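Enquirer: Here's a sequence, model it:
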Amino acid sequence: MLTELCQELHNWFNDGEVVTDSFTVSDGVISLPFLQDGQYYRIVGSVFNDGVHQYDVSSSLIDETFYGSVWPMRIPQSVIALSKKIDTWVSANEKSALSPYQSESWGGYSYSLKSGSGESGSFSWQSVFAKELNRWRKMQ
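Expert: Numbers count the residues shown, from 1 in each chain. Presented below is the predicted three-dimensional model:
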């Protein structure tokens, strides 16, 4: 969810430091001596591993050698907590969020479709958490 969250925010919590080089992932692990254990980082330019990962925490990267970039990230704990909150919401509401229907009835069967935005319209994690997301949002 952190990859999608950072993409939605247009904020990769990076101060401009980008390391571009040839990197090798072997046995699910990548060696990045410029990162601290537990630090989040973004991979760009990989065939299999693009996205946000946490360094040395149960690595589950796919083995490959690639020429690309690694962006060290400094994600605030409040954003990580928000990401977990969104994950929980998505797990509980995924079916409703994907449905085009706002309501359905049985008997004489009727339905109404979602329209517009906000609570009565778009039912996505982006709309539900919009106020909390805005604090961290950057312009493109």
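
Enquirer: pull the longest helix from this protein.
Expert: The single longest helix within the chain, with elements called by DSSP state H, is helix 77-98.

Enquirer: So what's the gap between that helix and the chain middle?
Expert: Distance of helix 77-98 from the chain centroid (C-alpha atoms, centre = their mean, to the nearest Å) equals 10 Å.

Enquirer: which helices and strands sit right next to that helix?
Expert: helix 2-9, helix 125-128 (3 or more C-beta pairs under 8 Å, 6 or more residues apart in numbering; DSSP states H and E). Backbone N, C-alpha and C define where each C-beta goes, glycine included.

Enquirer: what's the least confident stretch among those?
Expert: When those are compared on average pLDDT, helix 125-128 comes out lowest at a mean of 92.

Enquirer: helices and strands around the following helix or strand past that helix, which ones?
Expert: Next helix or strand after helix 125-128 toward the C-terminus (DSSP states H and E): helix 130-134. Counting contacts by 3+ C-beta pairs under 8 Å, 6+ apart, helix 130-134 packs against helix 2-9.

Enquirer: Could I get the buried residue list for stretch 83-94?
Expert: Residues 83, 86 are the ones in stretch 83-94 that count as buried (16 or more other C-beta atoms under 10 Å).

Enquirer: List the contacts of it.
Expert: 1-2, 5, 97, 123, 125, 128-129 (C-beta atoms under 8 Å, 6 or more residues apart in numbering).

Enquirer: next one: stretch 25-40
Expert: Stretch 25-40 has contacts (C-beta under 8 Å, 6+ apart) with 2, 13, 19, 23-24, 41, 48-49, 52-57, 59-65, 70, 72-75.
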